[in-house]
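Undergrad: just coords:
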């Protein structure tokens, strides 16, 4: 992939023009929604409630959430914002905190008629059990910005940078130290008169960089020359850290170079938190094909691969194993998406998070209430 940091200058210009840069800590103090305990319907999405008789599992294969929460009633039910990616302060810093705050970030993509409002990020304060949404924006000419109309299926927070999966193109990079406060009084995007707006959201997070692959088709079609960037995670058990890209395929391919999708890992520079380059390009340190389809989230840790699958509105499976070894299968969520490893003290094995996406039946006619966010101990998987 080719790095492109040309948006940094536009983001700096925008920051000066808006004039209201704020911090993540200040944003959390202004959090306006409460996370909730999960109701009985939402808990049905959890892996401990695996109920499939067509693919039975033994009691030893059933995973149990060690931590969980759900959204406020409006976000649990909204049908045009869909949760996708997840990361947190454990990716961002060694002590697992951003400043003094333990934080989860969740991406939601917009799924409604025009205009496409792009992507919002939920900043979740895990101590105070509150959160607030922030709109991702791409700076444009003349100190303005536009929405970012992508799926945002994966997130990874590396220092000041939030990496967001762009299915077709590669990676977009946003700067959490350029978080801006704007007016929430108008359902429009960008500057209007003397004020800036963001579809009634009070905060925007500007893009500052890209990593783009040379071959890009839309919609993305996995091939030897194009990788679909479906999910993201950070592996902090490697030296240096590695950014893990997962590729989703709806069914296995007859192309052995693609199979059920691929996992590509990129080295991360320890000081800059940008991807390391070879001859000016971000090149994977390794790429493996996956003999399982419908993989929504991938995490690696100490040489082991963790693959979270989806099965529409049914419970699915967490597969794990080392390269060329046997694969273990455990229960997984209904509608589980991206993965995030919240490491333990001293960057040891901790807990694996995902976000379950489904609020409605596939045809959109019935509210099934299956959105939840949960973690399971990494040591229990496999």
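TA: Perfect, I can see it now. Computed from a prediction, not measured in an experiment: that's the story for all the values here.

Undergrad: for the residue sitting nearest the centre point of the chain, what are its contacts?
TA: In the chain, the residue lying closest to the centroid (Cα atoms, centre = their mean) is residue 85, at 2.0 Å. Residue 85 is in contact with 105-107, 152-155, 164-165, 231-232, 337-338, 355, counting by Cβ atoms under 8 Å, 6 or more residues apart in numbering. For the C-beta atoms, the positions are set from N, CA and C on the backbone; glycine is no exception.

Undergrad: same check, this time on residue 367
TA: Residues near residue 367 by Cβ under 8 Å, 6+ apart: 77, 359-361.

Undergrad: Name only those of the residues you listed that count as buried.
TA: Buried members of those, counted by 16 or more other Cβ atoms under 10 Å: 359-360.

Undergrad: Secondary structure, distance to residue 329 and pLDDT added to the contacts of residue 367, as TSV?
TA: Shown next, in TSV, are these (DSSP: H, G, I helix; E, B strand; the rest coil; distance: Cβ to Cβ, whole Å; pLDDT from 0 to 100):
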residue	secondary structure	distance to residue 329	pLDDT
77	helix	32	98
359	coil	27	98
360	strand	28	97
361	coil	27	96
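
Undergrad: hey, which helix is longest across this protein?
TA: For the chain, the helix with the greatest residue count under DSSP state H is helix 7-18.

Undergrad: Could you list the buried residues of that one?
TA: 7-8, 10-12, 14-15, 18.

Undergrad: can you check stretch 358-374 too?
TA: Residues of stretch 358-374 classed as buried by neighbour count (16+ other Cβ under 10 Å): 358-360, 368-374.

Undergrad: What ranges does the protein have for its helices?
TA: In the chain, the helices defined using DSSP H lie at 7-18, 24-29, 40-43, 73-77, 89-92.

Undergrad: For residue 332, which of these is the nearest?
TA: Counting by Cβ to Cβ, residue 332 lies closest to helix 40-43 out of the helices of the chain; the figure is 14.6 Å.

Undergrad: Can you spell out which helices and strands pack onto the longest helix of the chain?
TA: If you count contacts as 3 or more Cβ pairs under 8 Å, 6 or more residues apart in numbering; DSSP states H and E, helix 7-18 packs onto strand 130-140, strand 180-181, strand 203-212.

Undergrad: ok so, going back, could I get the helices of the chain in CSV, plus columns for distance to residue 306?
TA: CSV is the format used below for the helices of the chain (distance: least, Cβ to Cβ, whole Å):
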stretch, distance to residue 306
helix 7-18, 33
helix 24-29, 28
helix 40-43, 22
helix 73-77, 27
helix 89-92, 15
